[in-house]
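Engineer: Let's see this in three dimensions:
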Amino acid sequence: MIPVKYTGDALWERIERAVEIVKDRLRRVTQALNAAEVPYAVIGGNAVQFWVAQVDESVVRNTRDVDIILNRSDLPRAIEVLEQAGFLYRHSAAVSMFLDGPHAGARDAVHVIFAGEKVREEYPEPVPNVEPFEVIQSAKTLPLESLVRMKLTSFRRKDQVHILDMISIGLIDESWCERYSGELSTRLRELLDDPDG
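Structural biologist: Below you'll find the model as predicted:
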């Protein structure tokens with residue numbers, strides 16, 4: 001049996017704090033990069049939140065991850081800027097990240113992927129460029145079509161769930177299959193045809 005350490009209001013406070021920590025990390029990163037004019041784009045679950053919340057807040061999912069795209073050539077400047085904001089750069093197991101303080105672990109980090117490069121060799125497409133971008137709540141993020149392209153490219157379970165959420169509120173429909181080719185179009189068609197899995 002799992003021991004219960006927190007109940008009642010204390011548990012709610014921990015849940016709320018967990019969500020706010022991620023949001024605060026995202027705000028601090030984007031504010032620092034904006035102020036220094038370092039090109040970037042927010043991706044992953046936070047980017048999906050930006051788009052979904054505009055249509056239906058009941059479909060918004062929390063995420064523990066803060067993920068951004070950088071140009072590899074901008075990494076030295078980003079390291080300088082984000083270390084001034086309290087983050088520490090680490091490169092480990094082929095992953096670039098900014099730890100949120102000296103005692104943080106990989107779960108408490110901003111994960112970086114690089115524009116124009118493949119995250120994994122087997123992925124059908126590389127990461128989009130940081131431009132063009134959309135500004136939502138002072139944060140730069142990918143246009144929806146590029147964000148969906150990334151989700152279709154990685155196509156992990158959480159990527160599929162994010163796409164299904166967007167389908168469920170009408171952000172993506174049948175016409176979107178024409179925006180992508182080959183495997184990406186096939187993947188989107190599968191989700192549109194069987195949204196309940």
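Engineer: And the average pLDDT for stretch 123-143 is what?
Structural biologist: On average, the pLDDT along stretch 123-143 is 96.
Engineer: go on, stretch 189-197?
Structural biologist: So the average pLDDT for stretch 189-197 ends up being 91.
Engineer: residues in contact with stretch 160-175?
Structural biologist: Applying Cβ atoms under 8 Å, 6 or more residues apart in numbering, the external contacts of stretch 160-175 come out as 45, 48, 51-52, 55-56, 59, 61, 144, 148, 151-152, 188, 191-192, 195. (Glycine included, C-beta is placed from N, CA and C.)
Engineer: Flag the shaky bits of the protein, pLDDT-wise.
Structural biologist: Applying pLDDT under 70 to the chain picks out residues 1-4, 197.
Engineer: one step back: top of the contacts of stretch 160-175 by neighbour count?
Structural biologist: Neighbour counts for the contacts of stretch 160-175 (other Cβ atoms under 10 Å) peak at residue 48, which has 28 neighbours.
Engineer: Just confirm that one is within a helix.
Structural biologist: Yes - counting by DSSP: H, G, I helix; E, B strand; the rest coil, residue 48 is located in a helix.
Engineer: Surely it touches residue 61?
Structural biologist: Yes - applying Cβ atoms under 8 Å, one finds residue 48 in contact with residue 61, separated by 7.4 Å.
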